[in-house]
Structures are given as C-alpha cells and as structure tokens.
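K.L.:
below are the sequence and a predicted model for it; my questions follow.
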Amino acid sequence: MSESTYAVVGTRPPRHDATDKVTGRAHYGADFQLTGMLHGFILRSPHAHAAIRRIDVSKAEAFPGVKAVVTSADLPESPEQMVDIGEGAMPLSYIRGNMLARSKVLYKGHAVAAVAAVSPHVAEEAASLIEVDYDVLPCALTVEDAMRDGAPVILPDLRTKEFGEQTGRPGNVAEHFRHVLGDAENGFTEADLVVEREFRTATVHQGYIEPHATTVLWNEDGHVLVWCSSQGAFTVRKATAAVLDLPVLRVSVTPLEIGGGFGGKIRIYLEPVAALLSKKSGRPVKIVMSRQDVFEGTGPTPGSHMRIKMGARKDGRITAAQAYLAYEAGAYPGAMVAPGAMCVFAAYDIPNVVIDGYDVVVNKPSTAAYRAPGATQAAFATESVVDEIAENLGLDPVEFRLMNAAKEGTRRADGPKFRRIGCVEVLEAMRNHPHYRAPLEGPNRGRGVAVGFWFNVGLASSCTISVNSDGTVNLLDGSVDLSGTRTSVSMQAAETLGLRAEDVRPSVGDTDSIGFTEVTGGSRTTYATGWAAVEAARDVIGQMKERAALLWETDAASVEFDRGVFRAGGRSITFQELAAQLDETGGPVVGRGAVNPSGAGGSFSGAIADVEVDPETGKVSVLRFTAVQDAGRAIHPSYVEGQMQGGSVQGIGWALNEEYFMSAEGAMLNSSWLDYRMPTSLDLPMIDTVIVEVPDPEHPFGVRGVGEANIVPPPAAVSNAVYRATGVRLYRLPMNPVAVMEALWQKESEPGGGSLHSDAAA
Amino acid sequence: MLSQFAYRKAGSVQEAIELSSRPGARILAGGSDLLGCLRDGVFSADRIVSISGLKELKGVAATAGGGMRIGALATLAEIAGHPRLRQAYPALAQAAAAAASPQLRNQGTIGGNLCQRPRCWYFRGDFPCARKGGDTCYAIAGENQLHCIFGGEGCYMVHPSDTAPALLALDAKVRIQGRKGARTIPLASFFVLPSVDPRRENALAPGELLTEILLDPPEPGARGLYRKVRERGAFDFALVGAAIVLAISEGTVKKARVALSGVAPVPWRSEEAEAALAGKKLDQQAIAAAAAAAVKDAEPLSGNGYKIPLVRGMVEDALSALAG
Ligand SMILES: Cc1cc2nc3c(=O)[nH]c(=O)nc-3n(C[C@H](O)[C@H](O)[C@H](O)COP(=O)(O)OP(=O)(O)OC[C@H]3O[C@@H](n4cnc5c(N)ncnc54)[C@H](O)[C@@H]3O)c2cc1C
C-alpha cells in the first residue's frame, strides 16, 4: 500500500472518548464506588531510615468506625522470585517490602500500616493512633553519599553485582555494569580535543494530575476484584497476585480511566494493601492517595551523578566517548541506569566507547519509570558536552551532530546494531526548519539544540473485533488508554477493514475479557496494540471471505478484499452488505489478533530552544521551542503532536524548575504543587512540532512509538541555549533562578567577568 | 489530618471577638490559608469562628477625606480589579493581582493575606521549629535558599504576603478591634520581628480582629508599582518583590517609600533606599545608589546570597520603570 492510498491513517478524527472526557463523565480511579465500601488510609514513615522495633495498632483497632488494620505481618510469606513489573522485574521481597515495611523503613513516606474505616477521615484519625517505635538510623540521600566508605547500609542483604557477577560485597551499589566498544583509551589519543564534564540532576516526579486510587473487594468466594487507575491491568494483576501469593486466576483487574501516568502508574502501591483490608473487614476498600503521598510514597525518577568525556578530531569526527552514570535507585535496586546507558551515546556513530553504570540504593522513594526512563539525564550530560565540542571546533551544532549521526548499521556500545532509524532525518529537519534559520537578536538570548533517543518496546498485545450486522465493528483491546490510544488503535483496524474511524467502537477490556496485554508504556501501544488490531482485522477479513465464498459458491482463496469491498469472479459485495448476512452464513464473526513483536524501531527526537535569561533575576524564559520527532508513520498526527508537546513541556520543567528539596534528615520539603514547581501555561511558549516519518520496516503501517523520546532532548537544548545566552554553562538540573543567579554571580567574581557588579557578597 | 473542631459563624464583630477570645479558637475568613494549615497539622484549632458573613468588614470605598477604606474581607480579586485602586494606588492593585492564582484571589481576603502564616517549608513541615515553640530555626543549617537576608533572628522565614509591602509603601493604617475596644495603628507596627517574638507574625492578641485598612489620599505626583520576581508565571510566592511609591514634583523625588517582600520575616521597608532617593532627580545615578542601598546591610545565609544581586537588580529595574 502506498501512502496516498490510506483513507484513515494520517487523518485526524475526534477521539472516541472525547465526550466523556470533556463532560467529566469518564470514571477515573477515585470516582469508583461500591455499596458498603470502606475507605483506607496508609500510615507512612516520618523517618528516612529507621529500624521498626514495635508496632502497636490496638488503639486504632478500637477506634469507633474502624473495620480493619493491617501491617506487614498480614502479608503472606512465599519463596523469593523475580516478578515482572512492567518495565523490568523486581524480587518479590522488595515489592512486598515497599508495600508495607517489615523490619525497617527506608524512606520518609514508606508505608508502615493501613486502616480501613467508614470514612476517609476516621481512617486517617485512627491511623494517627498507631504507635510505631522507631530506632532512627543515619541516612544516605544521594549517590555520592551512598557510595562513600562508611555510608549507612540501607539493605543489609544487598550484595554488589559487578559486570554480571555476584561479588558478595555488601554496600549500597546494587550493580555496576560496563559496556565497551572498540578501545576508548586509544580513541582519546586520536582526538585533537577532549572535553570531560561532571553533571548532576535532581530527583523529579512524573507529576500526573490524578493521584493513585484503587478499590478492592476480596470476595467471599476468595476472588480478589480490583478497580484501579493504572497503566496496565495485567501488570497490576500479576503483581497483586504475587504479593498476595494467589494464582493469577483469583485476581481480576478492571482498569478505569487514567489521569496521567508517564511510567509512574506501572508499579503497584495500594492494591495488595486494600485487598488485605478487604479480606479482614469483609467489605470493599477504596484507597486514594493525597498529593503528599504521591510525592513521598510513589516512584519518582532518579537523581543522577554523571561524568561524560568525549574526544573529537579537528575534522569533526568523534573518536571516543566515555560515560560514568550513577543513578539513585531509591530504597530498592532498579534505578533506570541500564536504559540510560543504552541511550547515552545512541545518537552517534562512535567507534570507541566505554560506559559504566551504577545502580545505587539511597533513602528516597523507590524510583519508577518516567517517560524514556534514564535517557533524559544521560542526554543532558552528553548533549552538553557535544555542544561544547562543536563550539570549540567552530562547527555548527546541528552539522556537527549530522557528521557523527547514527545510521542503519551503527553499533551501540550496549550491543545492538541499529536497523533503519531516523536520526539523520530528524537532524536534517532541524537544520532546515525556519526556526533554526531565523535570526535571534537581543541581549541575553541564546539558541540551543539537542537530540535524544528512546529505543521503544514491542511486547504482547491482544485485540478482538466483533462485526455488527450493520457493518460497524466493536473493538476490544487490553491497553489502558493514555492520550488517545483507543482511537489510534481503532484507526489501524478501520484502515485495514476499509471502514471509517467512527465505524469502530473501541473499548478497553479487563483481565477477564481480553487476552494478555502489556502495559501502556515504552511507547508501545499504537505500535503493538495497533498491530494486534491489524491482525484482528485481517482475521475478520479472512472469515468474511469465507462467508462471501459460501454465498457465491466459490472458494475463499479466490475472494479478494480491497477498501471495504469483497470481489470474486466479477461479483462484489461490500463489507456492510456482507455483515448483514452473517446470521445466514454461519453466525457471528469475531476476529482476534495477538502479537508479541520484539523488534520495535527506536525513535529519535530533536529540540530547538530559544531562551532569554534575565540577568537581574536569573529567570530563564523559553521564547520559542520546536520539537522534531521520527514517528515512523503518524497514525493520528494530532496525537503525535500532543505527545511531542507534552514531552517537551515535561522536559522544560525538568530543565528549569522541578526538584525534590530534601532536608538533611531525608524529608521532602516541597511535597505540594505549590512548592514542587511544574511549569504552567504562562511559563511556556507554544511548542512547535515537526513530524518526521521514517517508517519502521516491520510494522504494518510503519509506526514508531512516540510517547517518550520527546522528553529526552529538552533539558540539554535549554541548557545549551542558556550557555549561548550568558556564556555560562550549568552542569546541574534544575536551572532555576537561584542556580542561574549563582552561576552568573560566580562568573562575575572571576577575573574578566561581565557587568553584573557585586559589592555586597556574602 | 483535619482534627475535630467546633464551627461558629459570627453574626457581628462583637460576637466574633467574644467567640475567638479563648485559646484554641481561630478566625476563618476565606479559609484558603487556615484550612491548609489545619489539614497539614501546622497548628490545631478546637473552635473555628467564621467572620465571612460580617457585612461591615466587606467592601472597598472612598473615604470623606479622599482616601480609601478597605474592609478586611475584601477579596484580592476585588482589590486587583478596583478602578480607583488601580488608578491611584497601583502598587496595591498590582500586588493583589500578582498573588496566588485566580481561584485563590476570588476566595482569599486582604485581611487573611496580611495574617497568613509563613510559607517556610520547615514551619509547614514536620519540624518543631522556633515558630512552633521549638528552640531552633532549621533554615540556618538547612535548605535556606528561599529564606531571609534581613531581620532574621531566631527565625529566618520570609513574610509571604504580596499585599503587605504594597500597603507598607502606601503608609497604610490598620484598624483592630478587640474586647478592649478599637485601635488604629500604622501597618508598620502591625508586623512583629522574630527578635521580639518568633511565634507570631503580627500584633493581634487572641480575640482581636483586623477590621479594615485605611489609605491616605495619594500624594500629588504620586506614582507607584509592585514588582514580583517568581520562578513560575502563576501560583507562586515571591522569590523577592518590591513595592515602590514615589511622590515626584518638578523632577525631584519629594517622598519615597520602598518596601520589599521575600527578604525578611516582615515586609521590609528599606529606609536606606528611600534616603538615597529623597530630594534627588530620578536619574540613573540615583537609581543605582538606591538599589545598592537597598541591599547594603543584607546578611545572607549559606544558600541565599543570590538574593542580593536579585533585589538590587529588581529595585533598579522598578525605579527605572517609574522614571520612564
Ligand atoms: C497555593 C497558594 C498560593 C498562594 N500564593 C500567594 C502569593 O503568591 N502571594 C500572596 O500574597 N499570598 C499567596 N497565598 C496566600 C493567600 O493569598 C492567602 O491564603 C489569602 O489571602 C488568605 O485569605 P483568606 O481570607 O483565605 O484567609 P484565611 O485562610 O481565612 O485566614 C488566614 C489567617 O488569617 C487569620 N485571619 C483572617 N482574617 C482575619 C482578620 N480579619 N482578623 C484577624 N485574623 C484574620 C486567620 O485566622 C488565619 O490564621 C497563596 C495561598 C495558597 C494556598
């Protein structure tokens, strides 16, 4: 099929769920109600690191209106196993430990006990009566603290894994791995210019507006029913069943609408706790987190400490690169440093590379995925160094990147060789964009660019399509709808069936009604669930050909299908006409598609940022921003643009404002929307978008997932722009007014500084 | 957790005074600050006395003498949009408009804005700090980038209000009513430095109510503005701010008022900056001198030295705007 023949793919029909979303009728996690439902409240640790000597729940249990109280003692014991938790796997003991602390609390906000009562207020008040006797321990809050000799040991059983082997060494480093390509040492000797810089980024949160919310009924028949907001019902089912030591058949999960996840609603926090409360009380239990719970008790993205060294020849070829990436895992191993290492130099064809990654446990909440997890931190570092080299070599920053851009056949240091990718096309689109060519005048202004990569995943998806007698179809898939995936999946089915998008009625199934489907994450839904929908549609077409063959007394193989019409031997019948005759030709037609693609094509993304830095206040204003991304094929261009804009905005917030401020004792000081500063519409320009289409060679429509790569370049692009505006390069995120003022001030105090005069220095 | 309390709605100022005189009682106006404090356990209350129905505390009106009377229950939105205030007292209207967000400005009152509790994250968090009766200020050795550079002693918070410095620069007076009757005091003596008492921000005794704010007629040739530096375009307190009111005639500054926010535990009047302007032409030289004078005696903490160039730059910028 050539591009021009698409009738649905590439158009912009309204979302199937639009009305419910804009009228407020859609049901999110906290909207769910059951008769006789109780409300749960989770008591959380006030300390970042402490041994639990004793928990006394008797006063809470005796409080009027309380129906159940649980602690870790109510969790079952079962042999250790690795449990797949969506993006990665985790030992069951850690998942349980994070659910309700056992012998130790590992971060402020760590769940310790839970109460179910007749109202949320009674539950909260009763929880305050639980007496926990803590032995407060010293804490380690950053990778540098945690890696120091004599640092407090956070997980006593943890032994460092090094280069894939167990070392038996205790400590806070869960893993040290290394990727090597060529000979970096030699590569640096070939370079005319070597730049090495050190970077730090703060812990930041995904910042989804809807807090985690769940309702669980442990039914009298022993079946556990869950209604919750998550990125994947099957992952919730698997993790809940594992924690409760139940067969998966005994747990059913119905996904409700989700008010944002960005990777943070893959892991579970509440379901097993609500289940235990329900089992004890015999009633359904709902738990809704507060914003403070979300900040302190769910997984943010790792803070990091990084060093990047790169060498290049005068002719502009990068000869070698080295990375040291140490990421904060939070309380349990699993900092997203492995994907960070996969992406850190992915945009470049570099012959000699060494990458060292460290997964480091610290006394902060156990970190979780956040949109291209691990890649944004790494790109901030790499793209800053690349910018510095380009400047030193007197090369245009986009041209320099193009000279070294990764292409089909380029090998990454972590092993894989790229198949067809769009890195060059993205860079060319940046170079040719009017924004890049427009003059930027005025003092304190600068333009920065950066590129970023996310590898994307495929994984399992299921879809069924039932044909109605009027020729419309009902589509059921297993992917929680994040930002319009119902529609982008339906459009692929519609295109295949020769229908209009509005002839498909999509719904998201629960774990009892649809085949296994992985989470909505990893930029996989439009890609893999869309592919499953294509397979289901092809299955429908195959079955319908048989029906046509029956009517025409011919064999199915001779029936052709094109754009909604079946033909054989000069006869033809439309999809709709044939659908009206299903009853007479054998009954309903239900198509099924189940896929598990492994070779998803990665997506490259680029950013051009113009900023103005106010030298009096340190405030960085983004004047203009253009995002460029390879979508393979944009099924619904508006949704692709929406992803690009959303990722850019989150990247800008990460660059300029967002940060966990921690007290020395490990308490988060800014756990509210007021003090955790996400940018508002007043802080952002319109984000311009350019969709590049380098089709994925395997996907039926050439789709590449676009959910993540767009967050990767913005912090580096903004930082590079700040440098061009001020002559000062910042090596730490966020670049808030305080940081910028301090950097400008420091430059002032150096000999030959600019005009910011200071006579009242501290 | 919002603990249990009795709720009483006062029918008159006198009743409000009686009901709120006993310890543990708190006055509720718009509730936008009070309820957050109670829910977060910053302090507790066993009785909430709502004054929101008191008509005599509402409204913004001109006085017979050509000044203005602003009821304590006037909302920030009312003040921000009031034509006379915008025209004759722009520093105040701008400060009200720069506070919080549209919803909060519709709900929050000017009385509540002046009486709101500090936003210091140690005060608002689970820290038994000096302002809560403890014996230390956690900001001294902690995360103090948002804390004060003037007037800290025992407590280094910054006063959160945007309207307070504007009213200070306008030489506003406040009327206070209590069991012993009513008194009118300059706003300057309303706020309390931590060196006097770190546990309260103002001069109100239990049972006392702030009932109204009084503004003199603007001086001839008066001009003014409020500048607010914040990290985010909305929904953000001031990193630092400046309310400036000047009376200029024949090209020279007859009277200058410079009041800063975000720099001290009270809205901070910079008499040094004012002195550098008085009797001068508002030229580059005077502006630079005033801006430098504004920060001359600053005493930054470990993490907030940036506020010195920030305040200087902001004052310079604000004065240049008034000169232009
Ligand atoms: C998210 C957020 C952002 C904000 N941002 C800003 C900002 O940028 N700038 C700014 O200036 N403010 C800001 N505020 C503060 C806001 O302006 C105040 O909360 C509001 O003005 C308080 O008015 P209220 O009527 O709601 O007071 P309430 O909450 O009812 O009362 C506040 C306090 O004052 C006392 N009180 C109220 N009225 C009287 C009275 N007449 N006499 C005696 N005591 C009284 C109460 O007992 C209470 O202690 C913000 C608040 C929030 C929640």
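P.N.:
Cool, got the structure.

K.L.:
from now on I want contacts and neighbour counts done on CA atoms only, so please keep to that.
P.N.:
Noted.

K.L.:
give me every residue in the stretch 101-250 of chain B lying close to the ligand.
P.N.:
B:107-113, B:115-116, B:160-163, B:209-211, B:235-237 (C-alpha under 6 Å from any ligand atom).

K.L.:
can you narrow those residues to ones near chain A?
P.N.:
B:235, B:236 (C-alpha under 8 Å from any C-alpha of the partner chain).

K.L.:
take the residues of the stretch 101-250 of chain B next to the ligand and keep only those in strands.
P.N.:
Among those, the members falling in strands (DSSP state E) are B:209, B:210, B:211.

K.L.:
I figured the last one hits residue B:58, correct?
P.N.:
No - counting by C-alpha atoms under 8 Å, residue B:58 is not a contact partner of residue B:211; they are 9.0 Å apart.

K.L.:
between the two, who's got more neighbours?
P.N.:
Taking neighbours as other C-alpha atoms under 10 Å in any protein chain shown, residue B:211 and residue B:58 compare with residue B:211 leading, 22 against 19.

K.L.:
OK, contacts around that one?
P.N.:
Residue B:211 sits next to B:57, B:71, B:72, B:111, B:174, B:175, B:176, B:177 when contact means C-alpha atoms under 8 Å, 6 or more residues apart in numbering or on different chains.

K.L.:
how many residues are close by the second one?
P.N.:
As a burial measure, the neighbour count of residue B:71 was computed by other C-alpha under 10 Å and equals 24.

K.L.:
quick one: pLDDT of it?
P.N.:
On pLDDT, residue B:71 comes in at 98.

K.L.:
one more: the fourth one?
P.N.:
The model reports residue B:111 with a pLDDT of 98.

K.L.:
what does the last one give?
P.N.:
Confidence per residue is given as pLDDT, and for residue B:177 that number is 98.

K.L.:
secondary structure element for it?
P.N.:
Assigned by DSSP states H and E, residue B:177 falls within strand B:173-178.

K.L.:
tell me the helix or strand right after that strand.
P.N.:
Immediately after strand B:173-178, counting by DSSP H and E, sits strand B:181-186.

K.L.:
tell me the gap between that following strand and the middle of its chain.
P.N.:
18 Å (C-alpha atoms, centre = their mean, to the nearest Å).

K.L.:
strand partners of it, parallel vs antiparallel please.
P.N.:
Paired with strand B:181-186 in the same sheet, following DSSP bridges, are strand B:173-178 (antiparallel).

K.L.:
show me what contacts the residue of chain A found nearest the ligand?
P.N.:
Of all residues in chain A, the one sitting closest to the ligand is residue A:674 (5.4 Å; C-alpha to the nearest ligand atom). The contact partners of residue A:674, by C-alpha under 8 Å, 6+ apart, come to B:235, B:236.

K.L.:
what residues does stretch B:221-234 touch?
P.N.:
Contacts of stretch B:221-234 (C-alpha under 8 Å, 6+ apart): A:617, A:619, A:657, A:677, A:679-680, A:682-683, A:736-737, B:89-92, B:94-95, B:98, B:100-101, B:166, B:236-249, B:314, B:318, B:322.

K.L.:
put the alpha carbons of it into PDB.
P.N.:
Extracted in PDB, the C-alpha atoms of stretch B:221-234 (Å, rounded to 0.1, in the frame of the first residue of the first chain):
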ATOM      1  CA  GLY B 221       2.600  63.500  41.800                       C
ATOM      2  CA  ALA B 222       2.500  60.000  43.300                       C
ATOM      3  CA  ARG B 223       3.400  57.000  41.200                       C
ATOM      4  CA  GLY B 224       3.900  53.500  42.300                       C
ATOM      5  CA  LEU B 225       4.200  49.900  41.300                       C
ATOM      6  CA  TYR B 226       4.700  46.400  42.700                       C
ATOM      7  CA  ARG B 227       7.400  44.100  41.200                       C
ATOM      8  CA  LYS B 228       7.400  40.400  41.900                       C
ATOM      9  CA  VAL B 229      10.100  38.000  41.000                       C
ATOM     10  CA  ARG B 230       8.900  34.400  41.000                       C
ATOM     11  CA  GLU B 231      10.000  31.200  39.400                       C
ATOM     12  CA  ARG B 232       6.700  30.400  37.800                       C
ATOM     13  CA  GLY B 233       4.300  32.700  36.000                       C
ATOM     14  CA  ALA B 234       1.400  32.000  38.400                       C
END
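
K.L.:
mean confidence score for it?
P.N.:
pLDDT averaged over stretch B:221-234 gives 94.

K.L.:
buried residues, that stretch. List them.
P.N.:
B:222, B:223, B:224, B:225, B:226, B:227, B:228, B:229, B:230, B:231, B:232, B:234 (16 or more other C-alpha atoms under 10 Å in any protein chain shown).

K.L.:
of all those residues, which comes closest to the ligand?
P.N.:
residue B:234 (7.7 Å).

K.L.:
tell me where the stretch 151-300 of chain B has helices.
P.N.:
Using DSSP state H, counting those that start in this stretch, the helices found in the stretch 151-300 of chain B span residues B:163-169, B:271-277, B:284-294.

K.L.:
do the same with the stretch 51-200 of chain A
P.N.:
A:58-62, A:92-99, A:120-127, A:143-147, A:184-190.

K.L.:
close to chain A: what parts of the stretch 51-200 of chain B are there?
P.N.:
Counting by C-alpha under 8 Å from any C-alpha, the stretch 51-200 of chain B sits next to chain A at B:121, B:122, B:125, B:142, B:143, B:145.

K.L.:
just the C-alphas of the host helix or strand of residue A:326, formatted as PDB.
P.N.:
Of the helices and strands defined by DSSP H and E, residue A:326 is found in strand A:318-330. Extracted as PDB, the C-alpha positions of strand A:318-330 are listed here (Å, rounded to 0.1, in the frame of the first residue of the first chain):
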ATOM      1  CA  ILE A 318      34.100  12.000  17.300                       C
ATOM      2  CA  THR A 319      36.800   9.400  18.100                       C
ATOM      3  CA  ALA A 320      35.900   8.200  21.500                       C
ATOM      4  CA  ALA A 321      33.400   8.600  24.400                       C
ATOM      5  CA  GLN A 322      33.200   7.600  28.000                       C
ATOM      6  CA  ALA A 323      30.400   7.800  30.400                       C
ATOM      7  CA  TYR A 324      30.100   7.300  34.100                       C
ATOM      8  CA  LEU A 325      26.400   7.100  35.100                       C
ATOM      9  CA  ALA A 326      25.400   6.700  38.700                       C
ATOM     10  CA  TYR A 327      21.700   6.900  39.300                       C
ATOM     11  CA  GLU A 328      19.700   6.900  42.600                       C
ATOM     12  CA  ALA A 329      17.600   3.800  42.700                       C
ATOM     13  CA  GLY A 330      15.700   5.000  45.800                       C
END
